[in-house]
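Colleague: Structure here, sequence nowhere to be found:
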């Protein structure tokens, strides 16, 4: 069974982006970025919500482009419109079944790219297997929470942690059972 792994930069106060999607508080260079880029090679599939996919437009990506060329792309959205020749698969309905089907197919790990609302949905369903946090030394004060809408307590087991010279702390957790 494939694992869904949320590999994400987060502020100390729990936001993956500041107000209006601002990510300038996250350090764009350093050993923590090199480690993240190396991990990206281990994922064969990427899943994300519409907002995260469209966020790439601000960085030169066009509708229908692959954000990560070596991965199969699945965007979970009821409203996004992409070109018919796009290699990005849009999942419009039966999201829970689509996620379960992805997990049961052959292949490498599944990269949950974001955003916070979609990550909260996946965690709420109990389908998240691992959490990889790059905790940046910044307080954003608001913005996009790491797990928006999550209404369950989720037990985590620390697997690995390290501190980088940049001040970024990395922590990897195995996700345990969810409880009410």
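Modeller: Ah, there it is. The structure presented is a predicted model; accordingly, all values stated were derived computationally and were not measured. Numbers count the residues shown, from 1 in each chain.
Colleague: Where do the strands of the chain begin and end?
Modeller: 4-11, 15-17, 43-49, 72-76, 88-91, 109-114, 130-136, 144-145, 153-163, 169-179 (DSSP state E).
Colleague: If you count contacts, what does the third one end up packed against?
Modeller: Using 3 or more Cβ pairs under 8 Å, 6 or more residues apart in numbering; DSSP states H and E as the contact definition, the elements that strand 43-49 packs against are strand 4-11, strand 72-76, helix 95-104, strand 109-114, helix 116-124. Where you see a C-beta, it was placed from the backbone N, CA and C, and this is true even at glycine.
Colleague: what's the average pLDDT for it?
Modeller: For strand 43-49, mean pLDDT rounds to 98.
Colleague: hey, which of the helices and strands packed on strand 43-49 is tucked in deepest?
Modeller: strand 109-114 (a mean of 24; mean count of other Cβ atoms under 10 Å).
Colleague: Now do that one against helix 116-124, angle only.
Modeller: If you take axes from the mean of the first three to the mean of the last three Cα atoms, to 10 degrees, strand 109-114 sits at 130 degrees to helix 116-124.
Colleague: Grab the most central residue of the protein for me.
Modeller: The residue lying closest to the centre of the chain (Cα atoms, centre = their mean) is residue 113, at 2.5 Å.
Colleague: That one against residue 67, yeah?
Modeller: Yes. The pair residue 113 / residue 67 is scored as a contact, 7.3 Å apart, by Cβ atoms under 8 Å.
Colleague: hey, what's in contact with both of these two?
Modeller: Listed contacts common to residue 113 and residue 67 are 46, 48; contacts here mean Cβ atoms under 8 Å, 6 or more residues apart in numbering.
Colleague: Low-confidence stretches in this protein?
Modeller: 177-180 (pLDDT under 70).
Colleague: if we can go back for a sec, just so I know, which of the helices and strands packed on strand 43-49 lies nearest residue 162?
Modeller: Judged by Cβ to Cβ, the one of the helices and strands packed on strand 43-49 that comes nearest to residue 162 is strand 4-11, at 14.6 Å.
Colleague: Just give me how far that closest one sits from the chain centre.
Modeller: For strand 4-11, the separation from the chain centroid amounts to 5 Å (computed by Cα atoms, centre = their mean, to the nearest Å).
Colleague: Check stretch 102-118 too.
Modeller: 8 Å.
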